[in-house]
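**Student:** fold the following.
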Amino acid sequence: KCHLISVEQGRVLSSFQGPATAAGHTDSVESLAFARLLGGFAASGSMDGTMRLWDPSTGTERARCSHGGEGVTKVLCSPRAPLVVTCCTGGLVRLWSAVDGSLLRVLGGHTGPILDAALSRDGETLLTGSDDGTAR
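**Tutor:** So this is what the prediction gives:
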C-alpha cells in the first residue's frame, strides 16, 4: 500500500488501493512521483512489474500499466506534458500516457537494470543510469 501523508499535519490523508479485486501492488514499491497536470495524479512503480496511476484525492487507482514481468525501478512525471516515464530491471525505458495509461514508446540501450533516472526541468531530456555501468 502507498500512503499519502501530510507533511504539515503529520497524518495519513489517503491510502492508494486498487480495485476490490486487487488491493494494490503485490511486491515492493520502488519509486513514487507526483504531477500537477490533469488535476493532479500520483504514480507508483513496483517490483511486481506494474506502474500504477492514482488519484491522490481519493486514493483510487486510475490505470495499471504492465511491464511484462520486469520490475519497475524508477517512475518520473513530465513537468510539461501528460507523460509518465518508467525504468525497469530489463534495461528498458517506457513512456506512458498519464491520461489513460496507454504505452506510447519503448526505449532500449542498456544491457542491465536501470537503477536511476532524471528528467530535465523542461521535461525534454532524460538521463538514465544502469547496472551495466553506463549512463545514457
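**Student:** got the buried residues for stretch 30-42?
**Tutor:** 30-31, 33, 35, 41-42 (16 or more other C-beta atoms under 10 Å). Where you see a C-beta, it was placed from the backbone N, CA and C, and this is true even at glycine.
**Student:** the helices in this protein, which residues?
**Tutor:** Ranges of helices in the chain, per DSSP state H: none exist.
**Student:** quick one, strands of the chain?
**Tutor:** 2-6, 11-16, 29-35, 41-46, 50-55, 60-66, 72-77, 83-88, 93-97, 103-107, 114-119, 126-130 (DSSP state E).
**Student:** in CSV: those strands, plus distance to residue 136 and mean pLDDT.
**Tutor:** Below are the strands of the chain laid out as CSV (distance: least, C-beta to C-beta, whole Å; pLDDT from 0 to 100):
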stretch, distance to residue 136, mean pLDDT
strand 2-6, 29, 69
strand 11-16, 31, 74
strand 29-35, 18, 90
strand 41-46, 19, 92
strand 50-55, 20, 91
strand 60-66, 22, 90
strand 72-77, 13, 96
strand 83-88, 11, 97
strand 93-97, 9, 97
strand 103-107, 9, 97
strand 114-119, 9, 96
strand 126-130, 5, 96
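**Student:** let me have the buried residues of stretch 30-42 in CSV, extended by distance to residue 115.
**Tutor:** Conversion of the buried residues of stretch 30-42 to CSV gives the following (distance: C-beta to C-beta, whole Å):
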residue, distance to residue 115
30, 10
31, 11
33, 16
35, 22
41, 25
42, 22
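**Student:** CA atoms only: put stretch 5-12 into PDB for me.
**Tutor:** Provided in PDB are the C-alpha atoms of stretch 5-12 (Å, rounded to 0.1, in the frame of the first residue of the first chain):
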ATOM      1  CA  ILE A   5       0.800  11.800   4.200                       C
ATOM      2  CA  SER A   6       0.500  15.500   5.000                       C
ATOM      3  CA  VAL A   7       4.000  16.700   6.000                       C
ATOM      4  CA  GLU A   8       2.500  19.700   7.700                       C
ATOM      5  CA  GLN A   9      -0.100  17.800   9.700                       C
ATOM      6  CA  GLY A  10       1.800  14.500  10.100                       C
ATOM      7  CA  ARG A  11      -1.200  12.300   9.300                       C
ATOM      8  CA  VAL A  12      -2.300  10.000   6.500                       C
END
